[in-house]
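K.L.:
sequence plus predicted model, see below.
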2 protein chains.
Amino acid sequence: MNFLEERIVKDGVVKEGNVLKVDSFLNHQMDIGLLDQMGAEFKRRFADRPVNKILTIEASGIGIACIAARHFNVPVVFAKKSQSINLDGDMYVAEVESFTHKCINHVIVAQKFLGPKDHVLIIDDFLANGCALQGLIQIVQSSGATVEGIGIAVEKGFQSGGRIIRNLGFRLESLAIVDGMNAETGEIRFRDQEKADTENTVCREKDICRSATLD
Amino acid sequence: MNFLEERIVKDGVVKEGNVLKVDSFLNHQMDIGLLDQMGAEFKRRFADRPVNKILTIEASGIGIACIAARHFNVPVVFAKKSQSINLDGDMYVAEVESFTHKCINHVIVAQKFLGPKDHVLIIDDFLANGCALQGLIQIVQSSGATVEGIGIAVEKGFQSGGRIIRNLGFRLESLAIVDGMNAETGEIRFRDQEKADTENTVCREKDICRSATLD
């Protein structure tokens, strides 16, 4: 287990309905030392990417993004969420349908803060179905900027968001991937990412061989 | 002028209706180096206070509070805003009437994150009428915790929030106090805080003399 998985086991609370509460250290009260460790880890994982801006979304992504930004030495832009907006020509607006909440949300960023020269790392605290994240990706692409990667604190591996984003070819790094939870026992099962990485590599190599043969 | 006033003059934009846009460095895109300087300055100004927690409110206070928290080595709690809430016994809820927007807002903090042992520094980006701030103070006091001080990035000195909070005896430090703006010329007039401090001291000394005479 890495430092974040250990902290989730120590202070996270599993509730009925696949709810994982991490509000004592991540998204209501924030342990700044932990956020700093997370920032360093994001920097380590995306060290090869020419990131010049971090994009996140209000509210709980902001703290993680700001502390991480110190490690990248770049500014942070946070997208605003709104259920109803007056469209303004100076804004990128992504319309995002929430599967869970059965409503339309708007994700909004002022156009002057994202453009073709930007190389963006998207950071957020949680990834489940990935609606917010899809909106952020849409906005980066509308602006002509490049998504260099996506850094997530906690991914719910049993929901579809992470798989979809990876299938689309984005480099998505989640510091902890929860593959299962048990509200009765409080048990949390994490994905073994080192093992998963190896399997992915094998899988990719097979694909490469196959296409080589087909050529 | 201090570093923040200089930055406001350089990159702030004055709009009609006493609107000051600082969204390119403070509350939409965030210059993390600037936030770090602000954090160091808050630490200098509140060095004599035994702060063990920073409280802020979503969304734009969170970045400033998190970076400042590194200088205090304390956790951050951010209050949530909602126009309508399901009251939950585990939450402190302050009902705040917005004079500007003619509506009732709720400011919400989970009870487990604030209690009588806490010594709280409240941090936010803007202070105008001070509605959000009044809600935060109400919550700290409901919890039995102590408000050790209030740190604001930009105060609109021509609106009543700052005066009311100071009149109530709170230690309020604003890094920049805007006393006037001109949308036509773009001019911004800052309060001379060193001079203001001296005047306050003189005023206080007079009061002390008078009460000594009365005794």
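P.N.:
Yep, it's here.
K.L.:
for chain A, what lies in contact range of chain B?
P.N.:
Of all the residues in chain A, those in contact range of chain B (CB under 8 Å from any CB of the partner chain) are A:23-25, A:28-32, A:35-36, A:58-60, A:62-63, A:65-67, A:69-70, A:73-78, A:80, A:109-110, A:112-113. The C-beta positions use only the backbone N, C-alpha and C, and glycine is treated the same way.
K.L.:
weed out the non-buried ones from those.
P.N.:
Buried members of the residues of chain A next to chain B, counted by 16 or more other CB atoms under 10 Å in any protein chain shown: A:23-25, A:28-32, A:35-36, A:58-60, A:62-63, A:65-67, A:69-70, A:74-78, A:80, A:109-110, A:113.
K.L.:
strands of chain A, residue ranges please.
P.N.:
Assigned by DSSP state E, chain A shows strands spanning A:13-15, A:19-21, A:29-30, A:53-57, A:76-82, A:91-98, A:103-110, A:119-127, A:146-156, A:172-181, A:188-190.
K.L.:
could I get the pLDDT score of the closest residue in space to residue A:50 that isn't next to it in sequence?
P.N.:
Distance criterion CB to CB, 6 or more residues apart in numbering or on different chains; nearest residue to residue A:50, sequence neighbours excluded, is residue A:119 at 5.0 Å. Residue A:119 carries a pLDDT score of 98 in this model.
K.L.:
contacting residues for residue A:119?
P.N.:
Contact analysis of residue A:119 by CB atoms under 8 Å, 6 or more residues apart in numbering or on different chains lists A:49, A:50, A:51, A:52, A:53, A:145, A:146, A:148.
K.L.:
now swap in residue A:7 and tell me
P.N.:
Taking CB under 8 Å, 6+ apart as the contact definition, residue A:7 lies against A:25, A:31, A:34.
K.L.:
how close does it sit to chain B?
P.N.:
Distance, residue A:7 to chain B, using CB to the nearest CB, to the nearest Å: 13 Å.
K.L.:
tell me how far the residue nearest to residue A:146 when sequence neighbours are not counted lies from chain B.
P.N.:
Among residues not flanking residue A:146 along the chain, residue A:119 sits closest, at 5.0 Å (CB to CB, 6+ apart). Going from residue A:119 to chain B by CB to the nearest CB gives 15 Å.
K.L.:
buried residues, stretch A:178-191. List them.
P.N.:
A:178, A:181, A:188, A:190, A:191.
K.L.:
any stretches of chain A with poor pLDDT?
P.N.:
Filtered on pLDDT under 70, chain A yields the residue ranges A:84-89, A:99-101, A:195-215.
K.L.:
centre-most residue in it?
P.N.:
Residue closest to the average C-alpha location in chain A (CA atoms, centre = their mean): residue A:152, at 3.3 Å.
K.L.:
circling back: looking at the strands of chain A, which is closest to residue B:6?
P.N.:
Taking CB to CB as the measure, those were each checked against residue B:6, and strand A:76-82 came out nearest at 21.1 Å.
K.L.:
keep only those of the contacts of residue A:7 that are in helices.
P.N.:
Among the contacts of residue A:7, the subset assigned to helices under DSSP state H consists of residue A:34.
K.L.:
from the contacts of residue A:7, pick the one nearest residue B:157.
P.N.:
When the contacts of residue A:7 are ranked by distance to residue B:157 (CB to CB), residue A:31 comes first, at 35.3 Å.
K.L.:
which residue is the nearest non-sequential neighbour of that closest one?
P.N.:
In space, residue A:31 comes closest to residue A:25 once its chain neighbours are excluded; the distance is 4.3 Å by CB to CB, 6+ apart.
K.L.:
for residue A:153, give me its contacts.
P.N.:
For residue A:153, the residues meeting the contact criterion (CB under 8 Å, 6+ apart) are A:4, A:26, A:38, A:64, A:124, A:125, A:126, A:174, A:175, A:176.
K.L.:
quick check on the residue lying closest to residue A:148 once chain neighbours are set aside: phi, psi?
P.N.:
Closest residue to residue A:148 in three dimensions, ignoring its sequence neighbours and counting by CB to CB, 6+ apart: residue A:49, at 4.1 Å. Comment: the main-chain dihedrals of residue A:49 come out as phi -100, psi 140, following degrees, to the nearest 10.
K.L.:
and residue A:49, how far from residue A:178?
P.N.:
With the distance defined as CB to CB, to the nearest Å, residue A:49 ends up 25 Å from residue A:178.
K.L.:
tell me how far the closest residue in space to residue A:114 that isn't next to it in sequence lies from residue B:177.
P.N.:
Distance criterion CB to CB, 6+ apart; nearest residue to residue A:114, sequence neighbours excluded, is residue A:143 at 3.9 Å. When CB to CB is applied, the distance between residue A:143 and residue B:177 equals 35 Å.
K.L.:
could you do residue A:163 as well?
P.N.:
Distance from residue A:163 to residue B:177, counting by CB to CB: 51 Å.
K.L.:
would you agree residue A:116 is in contact with residue A:144?
P.N.:
Yes: with contact defined as CB atoms under 8 Å, residue A:116 reaches residue A:144; the gap is 3.6 Å.
K.L.:
residues contacting the nearest residue to residue A:82 once chain neighbours are set aside?
P.N.:
Using CB to CB, 6+ apart and skipping residues adjacent in sequence, the residue nearest residue A:82 is residue A:106, 4.9 Å away. By CB under 8 Å, 6+ apart, the residues touching residue A:106 are A:81, A:82, A:83, A:84, A:85, A:93, A:94, A:95, A:96, A:135.
K.L.:
what residues are bridge-paired with residue A:106?
P.N.:
For residue A:106, the beta-bridge assignment (DSSP bridges) gives partners residue A:82, residue A:95.
K.L.:
that older thread, quick check: the farthest pair among the contacts of residue A:153?
P.N.:
Longest distance between any two of the contacts of residue A:153 is 14.1 Å, between A:4 and A:124; criterion CB to CB.
K.L.:
ok, these two, which is more surrounded?
P.N.:
Under the neighbour definition other CB atoms under 10 Å in any protein chain shown, residue A:4 and residue A:124 were set side by side, and residue A:124 has more, 25 against 22.
K.L.:
ok, that one to chain B distance?
P.N.:
Residue A:124 sits 13 Å away from chain B when distances are taken as CB to the nearest CB.
K.L.:
that residue against residue A:131, yeah?
P.N.:
No: taking CB under 8 Å as the contact criterion, residue A:124 and residue A:131 are not neighbours in contact, 11.1 Å apart.
K.L.:
higher neighbour count, residue A:116 and residue A:144?
P.N.:
Neighbour comparison, residue A:116 and residue A:144: the larger count goes to residue A:144, with 11 against 8 (by other CB under 10 Å).
K.L.:
hang on, the more buried one packs against residue A:115?
P.N.:
Yes: using CB under 8 Å, residue A:144 is in contact with residue A:115, at 6.2 Å.
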